[in-house]
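Novice: only the shape, not the letters, is given here:
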């Protein structure tokens with residue numbers, strides 16, 4: 001349920017919004033859209049839930065090929081891709097290369113059980129980030145916020 005009071009809109013889930021012209025804008029977080037691509041359903045769901053609780057809009061993909069299809073369809077709307085490096089069909093690094101060829105400019109946060117330094121060399125020195133498995137929700141959210149910070153309105 002949503003209620004209005006002065007310049008605020010309150011929802012029963014405790015989130016507060018302020019009015020900005022005709023739109024209600026979330027006070028707490030820039031509403032970025034994130035694509036979570038991981039072939040492990042448990043990891044994909046945990047990451048998606050954590051990010052949704054922080055106010056992000058989340059799309060999911062069960063493998064790299066599905067992620068590429070989502071990027072092709074929603075590329076301009078996706079601010080960040082959280083991608084497992086090792087997935088069937090298309091891994092995270094190859095996903096990044098293919099998406100880049102299609103003009104997708106989304107940032108990437110790669111997750112892997114391998115070390116980030118090795119992956120950085122493989123990725124060709126991109127400005128993207130790496131998160132080692134097993135990760136914590138706090139570390140995931142921290143890295144996502146750092147990657148999206150330049151895109152957040154001031």
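Specialist: Received, thanks. No experiment lies behind these values; they were computed from the predicted model shown.
Novice: report the residue spans of this protein with pLDDT below the cut-off.
Specialist: Along the chain, the model assigns pLDDT under 70 to residues 1-30, 115-127, 150-154.
Novice: what ranges do the helices span in it?
Specialist: Taking DSSP state H, the helices of the chain run over residues 41-53, 64-74, 92-101, 116-122, 137-148.
Novice: I'd like to check the angle between the first one and helix 137-148, please.
Specialist: This means helix 41-53. Using axes from the mean of the first three to the mean of the last three CA atoms, to 10 degrees, the interaxial angle of helix 41-53 with respect to helix 137-148 works out to 60 degrees.
Novice: the helices of the chain: which one's closest to residue 107?
Specialist: Comparing those by their distance to residue 107 (CB to CB), the top pick is helix 137-148, with 5.0 Å. Where you see a C-beta, it was placed from the backbone N, CA and C, and this is true even at glycine.
Novice: contacts for the closest one?
Specialist: Outside of helix 137-148, the residues within contact range by CB atoms under 8 Å, 6 or more residues apart in numbering are 30, 32, 34, 46-47, 50-51, 54, 56, 79-80, 82, 107, 109, 128-129, 131.
Novice: at 10 Å what do you get?
Specialist: 29-30, 32, 34, 46-47, 49-51, 53-54, 56, 79-80, 82, 106-109, 111, 127-132, 135-136, 152 (CB atoms under 10 Å, 6 or more residues apart in numbering).
Novice: list buried residues within the residues you listed.
Specialist: Members of those that pass the buried threshold by neighbour count (16 or more other CB atoms under 10 Å) are listed as 30, 32, 34, 46-47, 50-51, 54, 56, 79-80, 82, 106-109, 111, 128-131.
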